[in-house]
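[1] The amino acid sequence is not available; the structure is as follows:
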């Protein structure tokens, strides 16, 4: 990082002595202006810090010194970096350097040395303070202890992987039992092969719809929205029969976008199999995809199923999952129309959430 003294000399030359002094007064007002700022910063549960425009750290609140146990002033300048776990220093420096160069907000997770000698996960964030001309006067940042939340997340990820592994084992056992039955009765071989293909498709669909962390999410290679829906629907007989169709625009989707959108359509297809159009041999479902600017509009239209006398009076767990996936994870909205001949649903999504 640039030397703060050299930076100060450059600014003094540019602004003149009077202008530079005035600018220093503006920049230092947060700390040097009195006890109000310090009282506010010290009352916060986060560690609060600030730097000069070049990234030179010159202030930490009381929480920082309580957490780290470092002597006051020992982490000024570039000394703060020595507090990071050595495995995290490279990424933290990379992101901080990028923010200093571009003025973009800084955010990174890293392990910070606690006064106990242990390293704890923290979330570091910083934003620039700018003048009327957009010139950066100072960076203000925080460090938030997320160690317990991180441990819980990792524990849940392990449980999720274990549960997923057991579910896939169940699919394999079921497929094996069906195969054994077919070998004992040759007349079952053809329908059994079809059934085993559907069980295998369920296993593939499971990888899309199960909860994922950043580390457990499968790496997808050029998966399109149509391609993913084909994988999801392959487990349903109506898809092979041509009664569950997909039409409209197609585009590549990201790993992050694949799980929530597949969850939504898996839930719709499952409910249709149990209660809706796909619960009988005459029912049909038409899925349509349309791109309109930055929005993606997905349509779900059921017909030919049991007559719907009235909309459901309560929402189940699946409906809450759909709400979470569409509104929170994909930044979208949806409407349901419970027509007598079948459910019609329109889902509007932000395309960037599917592709980014």
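    Looks like it came in fine. Since the structure is predicted, the reported quantities are computational estimates derived from the model, not experimental observations.
[2] Would you map the strands across the stretch 201-350 of the chain?
    Per DSSP state E, counting those that start in this stretch, the stretch 201-350 of the chain carries strands over the ranges 244-248, 284-292, 295-303, 333-339, 342-350.
[3] The second one - what's its average pLDDT?
    So the one you mean is strand 284-292. On average, the pLDDT along strand 284-292 is 96.
[4] so what strands line up beside it?
    Under the criterion DSSP bridges, strand 284-292 sits next to strand 244-248 (parallel), strand 295-303 (antiparallel) in its sheet.
[5] right, so these: which one is the most enclosed?
    With neighbours taken as mean count of other Cβ atoms under 10 Å, these reach their highest mean count in strand 295-303, at a mean of 19. Backbone N, C-alpha and C define where each C-beta goes, glycine included.
[6] Report the inter-axis angle for that one versus strand 342-350.
    170 degrees (axes from the mean of the first three to the mean of the last three Cα atoms, to 10 degrees).
[7] what distance separates strand 295-303 from the centre of its chain?
    Centroid displacement of strand 295-303 relative to its chain, using Cα atoms, centre = their mean, to the nearest Å, is 24 Å.
[8] Around residue 241, count how many other residues there are.
    Burial of residue 241 is recorded as 11 neighbouring residues (other Cβ atoms under 10 Å).
[9] ditto for residue 99
    Residues within reach of residue 99, counting by other Cβ under 10 Å, total 21.
[10] change the start of the numbering to 21 and stick with it
    OK, 21 is where the count begins now, so the last one is residue 119.
[11] Three-state assignment for it, please.
    Here residue 119 is recorded as helix under DSSP: H, G, I helix; E, B strand; the rest coil.
[12] which residues does it contact?
    If a contact means Cβ atoms under 8 Å, 6 or more residues apart in numbering, then residue 119 has 125, 126, 146, 148, 159 as its contacts.
[13] among these, who's most crowded?
    Neighbour counts for the contacts of residue 119, by other Cβ under 10 Å, peak at residue 159, which reaches 24 neighbours.
[14] ok, the host helix or strand of it: who's next to it in the sheet?
    Per DSSP states H and E, residue 159 falls inside strand 156-165. Strand 156-165 has its sheet partners listed here by DSSP bridges as strand 67-71 (antiparallel), strand 139-150 (antiparallel).
[15] out of those, deepest packed?
    Ranked by mean neighbours (mean count of other Cβ under 10 Å), the strands paired with strand 156-165 are led by strand 67-71, with a mean of 23.
[16] Show me what the helix or strand that that strand is followed by is packed against.
    Going down the chain from strand 67-71, the next helix or strand is strand 77-80, by DSSP H and E. Counting contacts by 3 or more Cβ pairs under 8 Å, 6 or more residues apart in numbering; DSSP states H and E, strand 77-80 is packed against strand 67-71.
[17] Can you tell me what sits against the strand it packs on?
    Outside strand 67-71, the residues touching it (Cβ under 8 Å, 6+ apart) are 50-51, 61, 77-81, 83-84, 87, 100, 142, 146, 158-164.
[18] do that again at 6 Å, thanks
    61, 77, 79-81, 83-84, 87, 158-163 (Cβ atoms under 6 Å, 6 or more residues apart in numbering).
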